[in-house]
Structures are given as C-alpha cells and as structure tokens.
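Colleague: fold the following for me, if possible:
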Amino acid sequence: MRPTITILALFLCSLVGASETITLKVIPTFHTPLIIEIKEAENGGTISVTRYAGKGGYEWGSIDIKYEKKLDQLDLKIIREKLDEISFWKMPEKTDVIGLDGSVWMLTVKEEKREHTVKRWTPQSDTEERKLEGFVAFGLYLSDICGIHPIYGNETKSEPGAGGNG
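Modeller: Predicted coordinates:
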C-alpha cells in the first residue's frame, strides 16, 4: 500500500467496450482531480487522462494535463481479470465509514444488462481492516497503466503516458 494515496483529488478510469464501462473516481478534498478514461475498440483501446489544476473538494479549475495513448487487447483483458479478482459485483455499494477530509473513491461498472457502484471514503486508511486491499490495488493498477499516479499532488513517476504495458 502507498501511504501517500490519501490525498487524491479525482481519479476516474472508464473502460468502454461493446457492453462494458468501468469508471473509477478518486476525489480528495485538497488536491487535483484526475480523470482517466479507457475506451475499448476492435483492436484494443485508448486511455485518456485529464488532470485539473484545482482541488477536488473545492473548484476543480482548468485542465492542467491532457493526453491519450493506445491499449492493446491484453491490457483490456488484464483490467477485466483484476476487476473479477476483487469480487467487485459482490461488494456493497456503501459502508458507514465516512470522514470530513481525505478522499472518496467510486468504482462503477456498467455492462449491457447490469450496473454496480462501490463508494468508499479514503480506502487507503485502515485498508486491511476494511478488506479494501484489492479495491486499492485495482485503482493503483489503473494508474500504473497511465503513468500518472494518484499520490500527493498527482506527481508522476515518469512522463504522463509512459507507464503500463501498452
């Protein structure tokens, strides 16, 4: 687990296929919102990243970073497998754990005949106790694909778009 994850603004990842969309939003109070969208196509897909200059709990501000890169079928297959590994469809929509500051993560999956959303307040706090290791790992995996990481200030460990397998 990465301890700096608690200060996220918005991290949105959307996988859009013929019948599937995955959206992850991470909305911290005091840091920059980040939106990541993955769209599936016949021969793979694309991942687009938009980071805003403001704060998730206040004004999001203007777009600070925006880019797109290609994903292959293997990337998309791994994303789906990792989603299955966390038993997403069995997770309750909400829990009673809330706070004033921190972050909110919302993971929504839409398929042709079903839709489910899981919302967690600062899932990287008491992660093991709350049984959210897989939920957090899934979000971090998606950020690794992008090369932009949901850490304090959304710094990147490499140039945006340089991470992942695609």
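
Colleague: of all residues in this protein, which one is nearest the centre?
Modeller: The centroid of the chain falls nearest to L24 when counting by C-alpha atoms, centre = their mean (3.9 Å).

Colleague: surely it and M106 touch.
Modeller: Yes - using C-beta atoms under 8 Å, L24 is in contact with M106, at 7.2 Å. From N, CA and C alone the C-beta is placed, and that goes for glycine too.

Colleague: give me the common contacts of the two.
Modeller: Taking C-beta atoms under 8 Å, 6 or more residues apart in numbering as the criterion, L24 and M106 do not both touch any residue.

Colleague: list phi and psi for the residue nearest to the centre of the chain.
Modeller: Recorded main-chain torsions at L24 are phi -120, psi 120, according to degrees, to the nearest 10.

Colleague: E115 versus that one, what's the distance?
Modeller: Per C-beta to C-beta, to the nearest Å, L24 is found 14 Å from E115.

Colleague: tell me what the residue nearest to the centre of the chain is bridged to.
Modeller: In this structure, L24 has the following beta-bridge partners (DSSP bridges): L107.

Colleague: what's the helix or strand for G61?
Modeller: When secondary structure is defined by DSSP states H and E, G61 falls outside every helix and strand.

Colleague: not counting sequence-adjacent ones, nearest residue to it?
Modeller: Taking C-beta to C-beta, 6 or more residues apart in numbering, and ignoring the residues beside it in sequence, G61 has G54 as its nearest neighbour in space, at 2.9 Å.

Colleague: who does the helix or strand harbouring L142 touch, helix- and strand-wise?
Modeller: In this structure, L142 sits in helix 133-146 according to DSSP H and E. Helix 133-146 makes packing contacts with strand 10-16, strand 20-28, strand 33-41, strand 44-52, helix 73-85, strand 103-111 when contacts are defined by 3 or more C-beta pairs under 8 Å, 6 or more residues apart in numbering; DSSP states H and E.
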